[in-house]
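In: Predicted structure and sequence below. I'll ask about it afterward.
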Amino acid sequence: MQMPRNAFKAALRSQHPQYGLWAGFATGYAAEIAAGTGYDWLLIDGEHAPNTVPSILAQLQAIAPYSTAPVVRAVNGDSTLIKQLLDIGVQTLMIPMVETAEQARSLVRAMRYPPDGIRGVGGGLARATRWDGVTDYLATAHKELCLIVQVESRLGVKNVAEIAAVEGVDAVFVGPADLSSGLGFPGDPGNPEVQSQIRNAIDATLAAGKVAGILAPFEEDARRYREWGCQFIAVGIDISLFRQAALSNLARYREPSDAPSPSRTY
Ligand SMILES: O=C(O)C(=O)C[C@H](O)[C@@H](O)CO
């Protein structure tokens, strides 16, 4: 059996921007509905959504028949968690709050087998190897794995050029919510100081020859970040889309004064 190809990793280097949806419902059922709508990629969020390794596996299985590529965000860069996520077949991994090149290098090591890294061998137990059906998995796995590091703090932006330059880091993803909070403007990613730091992070990533991505649930932001060079942009969050649609629907029948006002937070 051939190693499953990582279409998302290949698309990051293509001419076509990749538009994604943030998936927070933490079920295979909701993930499959999202995948059926045709976004290029789906961010299965293990940081802020109530996910576990088994619930992430269920979502990977649910969306496998669709063209939407899964990107899994781990709760942190713990190497034992990374091992479990890679073993269930995650090929594109996003790690939050990476602040130094050394942290980035240790994430690369966690994703590679010795002598290049420290990943343990799951072999026939692992979905990643299709239970040993992929015979050259140990030698070739790294070619289809994709590491996205999140830069979302003052220190992370300061070090972003070195972080992006680390061999094995495929892309840098800016987190506007955390960055704005860390810079002292919580809930205000549009603040000029935050915007300037976001642009610095994107510019430094591109200068290092790597790919930049960002979360931008509002259209004017998404279009601006695309102009600034982001190749992959999460343009919506499923839970927020559901909530806004539910509020708008209810507002048709309620008196305007009774209707809760829609929020504009990330
Ligand atoms: O800092 C950010 O922005 C992110 O990393 C995304 C957030 O975790 C969250 O806003 C997703 O809903």
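Out: Looks like it arrived, so ask away. Treat the numbers as computed from the prediction; the structure is a model and nothing was measured.
In: residues from the stretch 1-150 of the chain in reach of the ligand?
Out: For the stretch 1-150 of the chain, the residues in contact with the ligand (Cβ under 6 Å from any ligand atom) are 22, 48, 150. Where you see a C-beta, it was placed from the backbone N, CA and C, and this is true even at glycine.
In: Which of those residues sits closest to residue 89?
Out: residue 22 (20.3 Å; Cβ to Cβ).
In: Setting aside sequence-adjacent positions, which residue approaches the closest one most closely?
Out: Spatially, and ignoring its direct neighbours in sequence, residue 22 is nearest to residue 237 (4.1 Å; Cβ to Cβ, 6 or more residues apart in numbering).
In: Quick check, pLDDT for residue 73.
Out: Looking at residue 73, its pLDDT reads 98.
In: Please state the backbone phi and psi of it?
Out: Backbone dihedrals for residue 73, given as degrees, to the nearest 10, come out at phi -100, psi 120.
In: Out of the residues of the stretch 1-150 of the chain next to the ligand, list just those in helices.
Out: Judged by DSSP state H, the subset of those located in helices is empty.
In: which among those residues end up buried?
Out: With neighbours counted by 16 or more other Cβ atoms under 10 Å, those contain buried members at 22, 150.
In: Restricted to strands, list the residues of the stretch 1-150 of the chain next to the ligand.
Out: Mapping those onto strands (DSSP state E) picks out 22, 150.
In: I'd assumed residue 2 was in contact with residue 136.
Out: No: applying Cβ atoms under 8 Å, one finds residue 136 not in contact with residue 2, separated by 9.1 Å.
In: check contacts around whichever residue of the stretch 1-150 of the chain sits closest to the ligand.
Out: Closest to the ligand within the stretch 1-150 of the chain is residue 48: 4.9 Å, counting by Cβ to the nearest ligand atom. Under the criterion of Cβ atoms under 8 Å, 6 or more residues apart in numbering, the neighbours of residue 48 are residue 24.
In: Spell out, range by range, the helices that occur in the protein.
Out: The residue ranges that make up the helices of the chain, judged by DSSP H, are 7-12, 28-35, 53-63, 79-87, 101-110, 137-144, 154-158, 160-165, 176-182, 192-207, 219-227, 238-251.
In: Need those in TSV (columns: distance to residue 72 and mean neighbour count).
Out: TSV is the format used below for those (distance: least, Cβ to Cβ, whole Å; neighbours: other Cβ atoms under 10 Å):
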stretch	distance to residue 72	mean neighbour count
helix 7-12	11	19
helix 28-35	11	20
helix 53-63	6	19
helix 79-87	6	19
helix 101-110	13	19
helix 137-144	14	15
helix 154-158	20	18
helix 160-165	20	22
helix 176-182	18	20
helix 192-207	21	19
helix 219-227	22	15
helix 238-251	15	14
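In: which one of those lies closest to residue 117?
Out: When these are ranked by distance to residue 117, counting by Cβ to Cβ, first place goes to helix 101-110 at 3.9 Å.
In: Can you spell out which helices and strands pack onto the closest one?
Out: If you count contacts as 3 or more Cβ pairs under 8 Å, 6 or more residues apart in numbering; DSSP states H and E, helix 101-110 packs onto helix 79-87, strand 146-151, helix 160-165.
In: Run a quick neighbour tally on the closest residue to the ligand within the stretch 101-250 of the chain.
Out: Proximity of the stretch 101-250 of the chain to the ligand (Cβ to the nearest ligand atom) peaks at residue 175, 2.6 Å away. Using other Cβ atoms under 10 Å, residue 175 has 25 neighbouring residues.
In: Out of the residues of the stretch 1-150 of the chain next to the ligand, flag the one nearest to residue 109.
Out: Residue 109 lies nearest to residue 150 out of these, by Cβ to Cβ, at 18.1 Å.
In: close enough to count as contact, that closest one and residue 94?
Out: Yes: contact status for residue 150 versus residue 94: in contact at 6.2 Å, counting by Cβ under 8 Å.
In: Next, show the common contact partners of the two.
Out: Residues within reach of residue 150 and of residue 94 at once, by Cβ under 8 Å, 6+ apart, are 73, 173.
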